[in-house]
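> Have a look; sequence and predicted model below, questions after that.
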Amino acid sequence: MTDQLTGQAPGREVGRARTRKEDARLVTGQTTWTDNLTAPGLLHVAILRSPLAHARIERVDVRSALEREGVVGAFSGADLAEGLGSLPCAWQVTEDMVLPEHPALAVDEVRHVGDPVAVVVARDRYTAADALEDVLVDYEPLPPVLDLEAALADDAPLVHADKGTNRCYTWPLVSGDYAAARAAADVVVRRRHHQQRLIPNAMEPRASMAVPVPATGEYTLYSSTQIPHIVRVMMALTTGIPEQKLRVVAPDVGGGFGSKLQVYGEDAIALTLARRLGQPVKWTESRSESYQAQHHGRGQIQDVELAATRDGRLLGMKVDLLADMGAYLMIITPGTPLLGAFMYPGIYKMDAYDFHCTGVFTTRTPTDAYRGAGRPEATFAIERTMDELAAELGLDPLELRRRNWIRHEEFPFTTVAGLTYDSGDYAAATDRALALFGYDDLRAEQRARHENLDPVRLGIGISTYTEMCGLAPSRILGSLRYAAGGWEAAMIRMLPTGKVEVITGTSPHGQGHVTAWSQITADALGVPFEDVEVMHGDTRVAPQGMDTYGSRSLVIGGIAVHEAALKVVAKARKVAAHLLEASEDDLEFADGAFSVRGSPEARKTIQEVAFAVFAAHDLPEGMEPTLNAEHLLDPDNFSYPHGTHLCAVEVDTETGKVAIRSYVCVDDVGRVVNPMIVEGQVHGGVAQGIAQALYEEAVYDDAGNLVSGTMADYLVPAAPDLPDLVTDRTETPATSNPLGVKGVGEAGTIASTPAVVNAVMDALRPLGVRDIRMPCTPERVWRAVKEATAAASAAADAAGKEGPS
Amino acid sequence: MIPATFDYARPQSTDEAVRVLAEAGPEAKVLAGGQSLLPILRLRLSFPELLVDLGAVDALRGIRQDGAQLVIGAMTTHHEVVHDPLVRAHAGLLARAAATVADPAVRHRGTLGGSLAHADPAGDLPAVCLALDATMVVLGPQGFRTVPAAEFFVDYLQTALRPDELLTEIRIPAMDGWGFHYEKFQRVAQAWAVVGVAAAVRPAQDGRGIAEARIGLVNMGARPMRAHLTETALTGADGSEEAIGRAATLAAEGTHPPTDLSGSAEYREHLARVLTQRAVLAAAGTA
Ligand SMILES: Cc1cc2nc3c(=O)[nH]c(=O)nc-3n(C[C@H](O)[C@H](O)[C@H](O)COP(=O)(O)OP(=O)(O)OC[C@H]3O[C@@H](n4cnc5c(N)ncnc54)[C@H](O)[C@@H]3O)c2cc1C
């Protein structure tokens, strides 16, 4: 029997829709979220945060907090400053990038609402929360800095006065001669797109617990993080705790979406307090605290220009970005928009590309990576502007795409931005999506509604995306001035009983690595899926790793596991040959057993080999008695998943409400290890992309207050708000790794936002609507329709007056 | 988030509850389902010294018929209201609107009495009870008194209840034979209404015209309100789309809707007109 979903032969794990090993524990509550953990003598930390966007701190007085029963300590920024360094930014994107100091607790100035100013430590959480009200802070308000363009004016108030500018950097990427392309073009389309700020909203807010051993100076930091390994290095550098004395554990982590790809001040504060007090401390944030204090995503203004010939051939693209850094540079704040820099040309061929990004400081929560990190913004810009170009040229937007995309036979293809896409088949994915969508019927219905002046209009949106993920080849990261590498580590231990331990440097927080890595290992070693245990997320258990973000875990970490398993097999082969008194070359390895070619009864299972290695009675000369292997993998290239998403929306022009009528996504993520996990990633990703298109926005008022400060005002869509997704896949194997796999963690988010907004615009363009800002709220849609209708009737009146009567 | 410290009382009867409230003075607060009060406490927007939990007062639960009136205990949950056969038969509009409140978890804890006593103009049920001409039964140290819905909602989050009074029952005249519809406009399914319109229509004898209409508006001002001009225009109107549309253009007259992240006042006024037309058309259709 073959697996219905994949056509795979039985016995092969890769490709099977295995239910996840993780889930029984998670859904029955046998979990270890950081906030569930405790330690003898645990103290509780609460953090007082700035209520103002920008102010000088005149005085912090913690004395009356200290008098409250149950309070053990209370500290201002100045009190904690000693021995606590500036929080790190790992990405100096240009030589002259402005890098401000970033204390974990503000000392002289606060620069966004939510900037921490004091901490209280108490014997219980309730007392700590109450004692915050005892801390007195005198602020001298300073002007907020909120508008990206105004912030760059010469006389603008400054976020960091000592730096003399709000400009963080300007980063160029220029390829070909854009001026010549523009001069040669018949049509130039210029658009401004706003990428609103988003709040990542992982299900679990952050928590940190720091446990000291005062006698030895050792510390264990439990943190709700995606990056325990990076946190360990950075906390050693920031706090001065020697790296070998610091263990970092990411216990069960309830989602991240990039928001926990961060080195947060709260981790440093927890360690510092544990060191000062010699006792374990824990801090857990509330949802509204996390809205102000966890980094945000997006926050860009994009000026985009496409130059093309009359028959729709792209000649060049120009992109000018203003990127909101927020108040400080966190781990990859300045680099996040640049992760998109290479993706503005998308799947299209063109001769010239001119990209500049200027990072701007504002008095808002810092931005950093959020699901897709730079690539959703890039994909939105190109896919939205392609639709505008199609409208300008009077071409079907799909036809315009066909005329410009890279054809299957042209791979590997080096793009104008300098990336080499290894494989892809854009036509195949698009054809499949069209067949599932019923494109022609929807177009006919759209025309009919238009002709009947139906108040509910239909629109069709297209997004043919690719993205670069699998971060990243270390040499490329080096050339981009990123401080670290992009390798990943895996170790496999075959135990005496033939069971297997896999240690991975990736740090799953919902992705299902335990299941997927078990499938990869089971295939490579020929052992049962159930015999594999995957360990991660603790620097004592998994000493090396670069953690989980950028859709890197499978294509780097999973492949490292595969390679380590092959090393185990190679070593086992030597032992089996020795035991069978055969030559290694004469051995076949299948279904977990070595057999001598031609005499199948002469056979050793890998489990028998494992025990023989453990006994060590009779090993080949010089062989060490372990069946362990380690592999560190540094990829040669990025991973380039792609696909076609089609969205149909109904827009109620009377209320402005947009309803998604149908949504088809055909993704090509290469070979698939576990189709169910891929499906889940696509669903969640698409939901988050739709959220940006229609619902979510971090809104600040003129004083710099975050007014969308709770879930009542920051609208995260839930199941009833989302369409039934029709998902399918094409499989064009990656050529950059032996399993042919590509990343899938961010693809849905990257693809879906432009598909939805293109659909809204497609519905309303015939009414004269030119653009609607995200999120396309009912009021924005209603206003756009109202203004377009008024303009159209004014124009008709004017024409009536001028024309012959 | 963690609320500030408070004391807690769990009386077993309405009399005991009233006594505890009177003794504690204005710093005491009644706790019903907690779905509005607890978020306020957790955000530290309010600091009551005592919470008087009505959860153990069984007399405040349940739904019964009393002649031509439906009597709903204040502690009856939204979930119970949605599924109760009496409510469905005689006050279908209330069941329909209660089904749109938040999500199942909130509907299992939140109560009709709590919704009305909280008097959030964005809440669905105050405007519905106003449209249904409900009467509130209130118990205080001096005994029972009744307050018509039209006098109960005083201002933003303010009712005619005094600090030492309990809302015990909601009395709703049965509206058998009326058509009804609740039109809630929200941005996501679990959100509060941007604007909501509750419409009830009594058909004329001929079956085609409208004898009488009652329209409650959600989130169109500091308190729930009725669209009186539209109601008047509909009295004796024919049931045509044009007549209803014309009447609906008056729906926002005299309202003072808020401007917030979900919409401006101008947009809300527009919505009130569109949604009133839709609600009345639907209500007339079900008549
Ligand atoms: C996530 C969420 C979404 C929501 N969405 C909606 C929505 O879409 N539409 C909607 O209408 N509502 C919504 N609500 C509110 C919900 O309907 C609450 O149930 C209701 O507002 C309050 O009822 P309660 O029983 O929980 O009252 P509580 O929160 O316990 O009390 C509310 C107030 O009323 C007072 N009070 C309660 N009962 C009495 C009484 N018998 N006598 C005197 N005073 C009393 C309390 O002292 C308090 O001041 C939502 C709530 C949440 C948490």
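Sure thing, it's come through. Numbering: from 1, shown residues only, chains lettered A, B, ... in the order given.
> how about the residues of chain B near chain A?
Residues of chain B found near chain A (Cβ under 8 Å from any Cβ of the partner chain) are B:1-2, B:4-5, B:43, B:185, B:187-192, B:194, B:261-264, B:267, B:270-271, B:274-275. For glycine as for every other residue, the C-beta is placed from the backbone atoms N, C-alpha and C.
> same thing but at 6 Å, please
B:1, B:2, B:187, B:188, B:189, B:261, B:263, B:267, B:274 (Cβ under 6 Å from any Cβ of the partner chain).
> pLDDT and neighbour count for the residues you listed - can I get that in a markdown table?
Output for the residues of chain B next to chain A, formatted as a markdown table (pLDDT from 0 to 100; neighbours: other Cβ atoms under 10 Å in any protein chain shown):
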| residue | pLDDT | neighbour count |
| --- | --- | --- |
| B:1 | 78 | 14 |
| B:2 | 89 | 17 |
| B:187 | 96 | 22 |
| B:188 | 95 | 16 |
| B:189 | 92 | 14 |
| B:261 | 95 | 16 |
| B:263 | 97 | 24 |
| B:267 | 98 | 23 |
| B:274 | 98 | 23 |
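> so what's residue A:580 closest to, chain neighbours aside?
Once flanking residues are discounted, residue A:580 sits nearest to residue A:602: 5.3 Å by Cβ to Cβ, 6 or more residues apart in numbering or on different chains.
> and residue B:64, what does it touch?
residue B:71 (Cβ atoms under 6 Å, 6 or more residues apart in numbering or on different chains).
> tell me which element it falls in.
Per DSSP states H and E: residue B:64 is located in strand B:63-66.
> what does residue A:105 give?
Using DSSP H and E, no helix or strand contains residue A:105.
> Look at the residue nearest to residue A:580 and give its secondary structure.
strand (DSSP: H, G, I helix; E, B strand; the rest coil).
> hmm, back to that, so of the residues of chain B next to chain A, which ones are in strands?
In strands, judged by DSSP state E, none of these are found.
> and the residue of the stretch 151-287 of chain B found nearest the ligand, what does it touch?
At 3.7 Å from the ligand, residue B:167 is the closest residue in the stretch 151-287 of chain B, using Cβ to the nearest ligand atom. Residue B:167 makes contact with B:74, B:113, B:117, B:136, B:138 under the criterion Cβ under 6 Å, 6+ apart.
> Now do the buried residues in the helix or strand where it lies.
Element membership of residue B:167, judged by DSSP H and E, is strand B:166-173. Going by neighbour count (16 or more other Cβ atoms under 10 Å in any protein chain shown), the buried part of strand B:166-173 is B:166, B:167, B:168, B:169, B:170, B:171, B:172.
> can you pull the contacts of residue A:103?
residue A:77.
> Now with 8 Å, please.
A:77, A:81, A:84, A:86, A:87, A:265 (Cβ atoms under 8 Å, 6 or more residues apart in numbering or on different chains).
> Make TSV out of those residues and add neighbour count and secondary structure.
TSV is the format used below for these (neighbours: other Cβ atoms under 10 Å in any protein chain shown; DSSP: H, G, I helix; E, B strand; the rest coil):
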residue	neighbour count	secondary structure
A:77	22	helix
A:81	15	helix
A:84	20	coil
A:86	16	coil
A:87	22	coil
A:265	24	helix
